[in-house]
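> Take this sequence and fold it.
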Amino acid sequence: VTVVLGVNEDQYIPAQHNVISNASCTTNCIAPVVRVLHQSFGISKGLMTTIHAYTNDQRLQDMFHKDLRRARAAAQNIVPTTTGAARAVTQVIPELKGRLHGLAFRIPVATVSIVDFVADLDQGVTVEQVNQAFQVAAEGPLTGILEYCQEPLVSIDFKGNPASSIVDAPSTMVIGDNMVKVLAWYD
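Purely as a prediction, here's the structure:
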């Protein structure tokens, strides 16, 4: 079973599930964000981009890798690549299957990543309404899983933060009343 805390941990059945997956660090960040937006306003479709710290799968110097982009020096390049995070979110929020997609940019930082999530919602919203939904979730049912940050911080400020998602409230945007952009940090 794939389990993301704050999203579908009720699906875990100890007598039935001997192997538990938490999908990925990116899925653990984006799934609580998607849950809050979907439960609060409904999501018709969404695209996510993770701006991701380089990983041990990448090379520190240009050398062979089956993925030509990942063969390039991780600490010197921005590397567009795939991510399974959007697909994994639909394993924990099945009603969104076929409505989410995403990609990743591996960037030359060693730790802390950020997800940029853009969604068409089922209803009109304001930035204030979106941020209020995240603040209420962070102070209530998702305490310790989702944090709500109003400060103008940068990646290193989140190093070691145990929360799955830290919503960057000053970056929330709404256009055309139902298209929303939310940024969320994770380490």
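
> By residue count, which strand of this structure is the longest?
What stands out as the longest strand in the chain, according to DSSP state E, is strand 43-53.

> what about the most centrally placed residue in the chain, helix or strand, and which?
By CA atoms, centre = their mean, the chain has its centre lying nearest to I30, at 2.4 Å. For I30, the element it lies in under DSSP states H and E is helix 25-41.

> how about that helix: buried residues?
Buried positions in helix 25-41, judged by neighbour count with 16 or more other CB atoms under 10 Å: 25-38, 40-41. Quick note: C-beta positions are derived from backbone N, CA and C, even for glycine.

> Report the rounded mean pLDDT for that helix.
In this model, helix 25-41 has an average pLDDT of 97.

> what's the angle between it and strand 43-53?
Taking axes from the mean of the first three to the mean of the last three CA atoms, to 10 degrees, one finds helix 25-41 and strand 43-53 inclined to each other by 150 degrees.

> G144 - that's part of a strand, no?
No: G144 sits outside any strand when classified using DSSP: H, G, I helix; E, B strand; the rest coil, being coil.

> so who does it touch?
Residues in contact with G144, defined by CB atoms under 8 Å, 6 or more residues apart in numbering, are P162, A163.

> Phi, psi for it please.
The phi/psi pair for G144 (degrees, to the nearest 10) reads phi 90, psi -20.

> Please tell me how far it sits from L183.
Taking CB to CB, to the nearest Å as the measure, G144 falls 20 Å from L183.

> again, but for L142
Distance from L142 to L183, counting by CB to CB: 17 Å.

> Show me which of those two is the more surrounded one.
Set L142 next to L183 and count neighbours by other CB atoms under 10 Å: L142 wins out with 23 against 19.

> so how many other residues sit close to the nearest residue to N178 once chain neighbours are set aside?
By the measure of CB to CB, 6 or more residues apart in numbering, the closest residue to N178 outside its immediate chain neighbours is L121, 4.6 Å from it. By other CB under 10 Å, the residues close to L121 number 21.

> Please name the residues that touch L121.
Contact analysis of L121 by CB under 8 Å, 6+ apart lists L37, F41, G42, I43, S44, N178, M179, V180.
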